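In: any chance you could fold what I've pasted below:
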Amino acid sequence: MDKSWRSAIEFHGHECKGLAWGYKVATFAMEKLGIDRSSDEELVAIVENDSCAVDAIQVVTGCTFGKGNLIFKDYGKHAYTFYNRNTGKGIRISRKKGVEVDDIMSANSDDIFEVSEPKEKIPKRARIHKSIECAKCEESAMETRIHIFKGQFLCCPCYEEAVLE
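Out: Sure, this is the predicted structure:
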């Protein structure tokens with residue numbers, strides 16, 4: 001068993017088809033883009049769901065929310081876009097229509113993946129933003145998430161609550 005596959009299982013907590021799908025997607029993307037596991041932001045992953053597959057993608061590619069090179073789009077699609085920042089090359093991978101696979105790990109990637117050009121431009125590198133204290137809960141929030149409501153700086157939950165009052 002491959003070391004990165006074992007690491008994905010350990011990280012996720014169990015072996016399942018969703019995890020195998022993410023592992024297969026991640027290794028295929030890295031091979032096609034000619035890049036190894038990301039130590040910083042050399043590789044970017046945009047995932048369009050929050051399934052088990054994303055855990056394997058994080059472990060195998062090194063793309064994480066903390067580094068800012070894992071981007072989540074809540075579309076509910078089994079589609080994944082990867083970029084090699086060093087070359088500017090990108091790839092979007094989704095499941096081929098009508099394909100059902102029992103053994104994902106041994107399946108031929110060309111038989112199960114639909115490969116296309118990315119639908120969006122390569123994301124900018126992660127930026128660190130200053131924090132601003134919410135006038136209501138007094139917790140700090142990233143300035144890009146602060147809302148101004150009736151002259152007060154409010155975090156997202158406090159803003160939503162204030163608008164509903």
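In: only C-alpha atoms from now on, for both contacts and neighbour counts.
Out: Will do.
In: so Glu100, which state does it fall into?
Out: Here Glu100 is recorded as coil under DSSP: H, G, I helix; E, B strand; the rest coil.
In: neighbouring contacts of the lengthiest helix in the chain?
Out: Looking across the chain with DSSP state H, the single longest helix is helix 17-33. Residues outside helix 17-33 that contact it (Cα atoms under 8 Å, 6 or more residues apart in numbering) are 5, 8-9, 12, 36-37, 51-57, 60-61, 80, 82-84, 89-91, 93, 104-105, 109.
In: buried subset of these as a PyMOL selection?
Out: To isolate the buried subset of those in PyMOL, counting by 16 or more other Cα atoms under 10 Å, use the following:
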select buried, resi 5+8+9+12+37+51+52+53+54+55+56+57+60+61+80+82+83+84+90+91+93+104+109
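In: which of the contacts of helix 17-33 fall within helices?
Out: 5, 8-9, 12, 52-57, 60-61, 109.
In: let me know the closest of those to Lys124.
Out: Set against Lys124, the nearest of these by Cα to Cα is Thr61 (18.1 Å).
In: for stretch 38-58, the averaged confidence score.
Out: In this model, stretch 38-58 carries a mean pLDDT of 96.
In: oops, could you answer that again for stretch 146-160 instead?
Out: The pLDDT scores in stretch 146-160 average 96.
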